[in-house]
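Colleague: predicted model follows, preceded by the sequence.
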Amino acid sequence: MGIDKQKLAESIKSATDVMYKTLSESKFFKSLNNEEKYKVIKGTFSDNGQDNLQKNNHFNPMSKIGDLWKNYFGMDESWSFGRNALAFMLVQLPEVPAYFIPAYTQAKNAGDAKALKKGEGYRGLMSGALEGLAVGAIVSGKNMKFGKEMIPYVCIGASMQFLSSKIFPWVGEKFGSLQYVKKASKAALNANMTSQQLEKVPVTTQQKRVIQKPQIQGQYTNSSNMKI
């Protein structure tokens, strides 16, 4: 005889409600602040149990959204600010060479990166969505739920990379343009110095540098000095 999954789900829900009621009425739980209560709930109940509590408005569902951001950037509320800031930077670090360097190189050689910047937004959306999909697959647990567990990470990844694809190419173009102007100014200065040096060379020497064009022979000119 198989197990009735619907009755099992109802039993789990009832047990969750009873456990939460017992926990919430205890002196220990009442003495905690909101952040500590949330930690206790997370440590006590399974993911399904937490979902049931959220549906019954037993604790703030916005904390779940906070968990999404923390999971995506590898942060935790119990860690120090420096540790969390480092995790955030490490997650964002690959986006710097991905978007900054191409725009910088293009602007350094051509003066701007307008053509390159046009497609970066689409690339950021696609790359970020795939990155979020990977993070969602990692943190979703044994049974992946695309709609519930992975789509939020896809949205976070796409939005973060889209912002990066707009900010870093712009910054790269600015720095590259400065290098382009600097290089052009240096080349113009060298060209001006060369022309001034040629003006100081004696006329006789300058004339020696002029390549004499060969004279065009007439149609019936005897260039071989042969007698006919």
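Modeller: Arrived safely. None of the values given here were measured: they were computed from a predicted structure.
Colleague: biggest helix in the chain, by residue count?
Modeller: Longest helix in the chain, counting residues (DSSP state H): helix 151-199.
Colleague: any idea how far that one is from the chain center?
Modeller: Helix 151-199 has its C-alpha centroid displaced from the chain centroid by 18 Å (Cα atoms, centre = their mean, to the nearest Å).
Colleague: what segments of this protein are helices?
Modeller: Under DSSP H, the chain gives helices at 5-24, 27-30, 34-44, 47-55, 62-73, 81-92, 95-110, 114-118, 120-139, 151-199, 203-209.
Colleague: as a markdown table, these with mean neighbour count and mean pLDDT would be great.
Modeller: In short, each C-beta sits where N, CA and C put it, glycine included. Shown next, in a markdown table, are the helices of the chain (neighbours: other Cβ atoms under 10 Å; pLDDT from 0 to 100):
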| stretch | mean neighbour count | mean pLDDT |
| --- | --- | --- |
| helix 5-24 | 13 | 74 |
| helix 27-30 | 10 | 80 |
| helix 34-44 | 14 | 73 |
| helix 47-55 | 16 | 70 |
| helix 62-73 | 16 | 71 |
| helix 81-92 | 13 | 88 |
| helix 95-110 | 19 | 90 |
| helix 114-118 | 14 | 85 |
| helix 120-139 | 18 | 87 |
| helix 151-199 | 16 | 84 |
| helix 203-209 | 9 | 48 |
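Colleague: I'd like those as CSV, with distance to Lys145 appended.
Modeller: Below are the helices of the chain laid out as CSV (distance: least, Cβ to Cβ, whole Å):
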stretch, distance to Lys145
helix 5-24, 15
helix 27-30, 29
helix 34-44, 18
helix 47-55, 10
helix 62-73, 14
helix 81-92, 23
helix 95-110, 27
helix 114-118, 36
helix 120-139, 9
helix 151-199, 9
helix 203-209, 80
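Colleague: which residues does stretch 77-96 contact?
Modeller: Contacts to stretch 77-96, defined as Cβ atoms under 8 Å, 6 or more residues apart in numbering, come from residues 35, 39, 70, 72-76, 160-161, 164, 168.
Colleague: with stretch 112-131 instead?
Modeller: With Cβ under 8 Å, 6+ apart, stretch 112-131 has contacts from 98-99, 102-104, 106-107, 154, 157-166, 169-170, 172-173, 176-177.
Colleague: any idea how far apart the tips of that stretch sit?
Modeller: 29 Å (Cα to Cα, to the nearest Å).
Colleague: so how far is that stretch off the chain centroid?
Modeller: That offset, for stretch 112-131, works out to 9 Å (Cα atoms, centre = their mean).
Colleague: and the gap between Gly82 and Phe88?
Modeller: Computed as Cβ to Cβ, to the nearest Å, the Gly82 to Phe88 distance reads 11 Å.
Colleague: with Leu53 instead?
Modeller: Leu53 is 29 Å from Phe88, by Cβ to Cβ.
Colleague: just Lys117 next, same as before
Modeller: Distance from Lys117 to Phe88, by Cβ to Cβ: 25 Å.
Colleague: where's Lys117 relative to Ala110, distance?
Modeller: In terms of Cβ to Cβ, Lys117 sits 12 Å off from Ala110.
Colleague: repeat for Leu86
Modeller: Taken as Cβ to Cβ, the span from Leu86 to Ala110 is 36 Å.
Colleague: now do Ser159
Modeller: 30 Å.
Colleague: cool, Asn48 as well?
Modeller: On the measure of Cβ to Cβ, Asn48 and Ala110 end up 57 Å apart.
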